[in-house]
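>>> how does the following fold in three dimensions:
(one chain, ligands or ions: 1)
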Amino acid sequence: MSTSAVAVAGRGGLRFYQTTVGKKAVMAVSGVLLFGFVLVHMAGNLQIYEGPEKLNNYAKLLRSVPALLWGARITLLVMVILHIWSSVQLALLKQSARPVGYVKKETLQASYATRTMYWSGPIVLCFIIYHLLQLTFGAGGTPFQEGDVYSNVVQGFQVIPVSAFYILSMILLGLHLNHGLWSLFQSLGFYHPRYTKRIKGLAAALSALIVAGNISIPISVLAGWVR
Ligand code: HEM
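So this is what the prediction gives:
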């Protein structure tokens with residue numbers, strides 16, 4: 001592609017982003033990629049049930065190709081920034097379209113679910129920041145040894161407030177994913193009254209799977225099943 005063709009495509013992309021549909025599309029695509037990460041990350045973490053060697057070797061494998069690891073990290077970071085940026089812009093747009101608000105707001109189920117997104121999202125972000133400090137940088141106030149992922153997780157979850165914070169964050173993440181997936185299906189045009197129930201069921205089942213898989217880890221550590 002020539003330089004001018006790239007410039008035209010870039011301007012087209014920017015114009016699309018400036019529309020509400022464009023912002024929703026950016027939220028949906030970044031949301032899907034983040035959801036994919038959370039699902040794969042959970043599957044990887046569940047290897048904790050197969051013992052220290054298995055989990056530590058898995059973590060070592062992930063680090064064995066630095067270009068891949070950094071590619072994935074940068075993609076994730078860009079997706080998080082785009083997701084937050086488009087959500088803030090959509091919220092501002094909504095506010096400027098209706099500065100006074102509905103009188104009977106609380107009766108609207110959809111607006112309740114949407115409002116949940118605006119407080120569960122920032123709490124999940126706080127969770128991610130603490131999670132990285134704790135298990136990636138070793139600065140979360142729990143024992144940390146570079147390369148010994150298994151012990152870092154087990155000793156971290158033996159601290160009750162840490163486990164409680166994880167459990168609460170996972171429940172909020174579940175709420176966020178549940179409504180996020182449902183909105184995503186709608187944004188992608190999978191909306192038909194006949195399928196509404198099934199799509200809602202699928203969104204709820206996928207979110208419940210993530211919550212259950214992740215929460216099982218601190219619970220198993222606290223119960224002494226994983227040590
Ligand atoms: C109980 C649930 C979870 C456990 C046990 C867990 C465990 C871990 C561990 C051990 C690491 C460090 C891996 C390493 O250094 O090799 C890590 C990194 C990470 N986790 Fe989690 N995690 C959990 C949930 C989550 C959730 C729900 C998210 C996102 C919403 C998340 C996002 C991340 C990210 C972004 C990294 C950094 C990856 C990297 O660049 O190295 N984790 N997690």
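>>> what is the lengthiest helix in the chain packed up against?
Of all segments of type helix in the chain, defined using DSSP state H, the longest is helix 66-97. Applying 3 or more C-beta pairs under 8 Å, 6 or more residues apart in numbering; DSSP states H and E, one finds that helix 66-97 contacts helix 20-45, helix 109-135. Using the backbone N, CA and C atoms, a C-beta is placed for each residue, glycine as well.
>>> how about the helix or strand following the last one and the ligand, any contact?
In this case it means helix 109-135. Next helix or strand after helix 109-135 toward the C-terminus (DSSP states H and E): helix 149-157. Yes. Applying C-beta under 6 Å from any ligand atom, one finds helix 149-157 touching the ligand at Val149, Val153.
>>> return the set of buried residues in stretch 44-51.
Asn45, Gln47, Ile48 (16 or more other C-beta atoms under 10 Å).
>>> hmm, Asn56 and Tyr150 touching each other?
Yes. Under the criterion of C-beta atoms under 8 Å, Tyr150 makes contact with Asn56 at 5.5 Å.
>>> tell me which of the two has more neighbours.
Neighbours were counted for Tyr150 and for Asn56 using other C-beta atoms under 10 Å; Tyr150 has more, 20 against 17.
>>> excluding residues flanking it in the chain, which one is nearest the more buried one?
Excluding its sequence neighbours, the residue lying closest to Tyr150 (C-beta to C-beta, 6 or more residues apart in numbering) is Pro52, at 3.8 Å.
>>> so who does that neighbour touch?
For Pro52, the contact set (C-beta atoms under 8 Å, 6 or more residues apart in numbering) comprises Asp148, Tyr150, Ser151.
>>> please apply the same query to Ser120.
By C-beta under 8 Å, 6+ apart, Ser120 lies in contact with Leu172, Leu173, Leu175, His176.
>>> just Arg227 next, same as before
Arg227 is in contact with Val154, Val221, counting by C-beta under 8 Å, 6+ apart.
>>> that one and Ala91, how far apart?
Arg227 is 44 Å from Ala91, where distance means C-beta to C-beta, to the nearest Å.
>>> one more: Val124?
Distance from Val124 to Ala91, counting by C-beta to C-beta: 16 Å.
>>> about what we covered before: among the helices and strands packed on helix 66-97, which comes closest to Gly189?
For the helices and strands packed on helix 66-97, proximity to Gly189 was assessed by C-beta to C-beta; helix 20-45 is nearest, at 10.7 Å.
>>> can you pick out the most distant pair from the contacts of Ser120?
Maximum distance among these (C-beta to C-beta): 7.4 Å, for Leu173 and Leu175.
>>> which of the two has more neighbours?
Neighbour count, other C-beta under 10 Å: between Leu173 and Leu175, Leu173 has more, with 24 against 18.
>>> which one is that one nearest to, not counting chain neighbours?
Closest to Leu173 by C-beta to C-beta, 6+ apart is Val124, at 5.1 Å.
>>> can you give me the distance of the one you found to Ser169?
For Val124 relative to Ser169 (C-beta to C-beta), the value is 6 Å.
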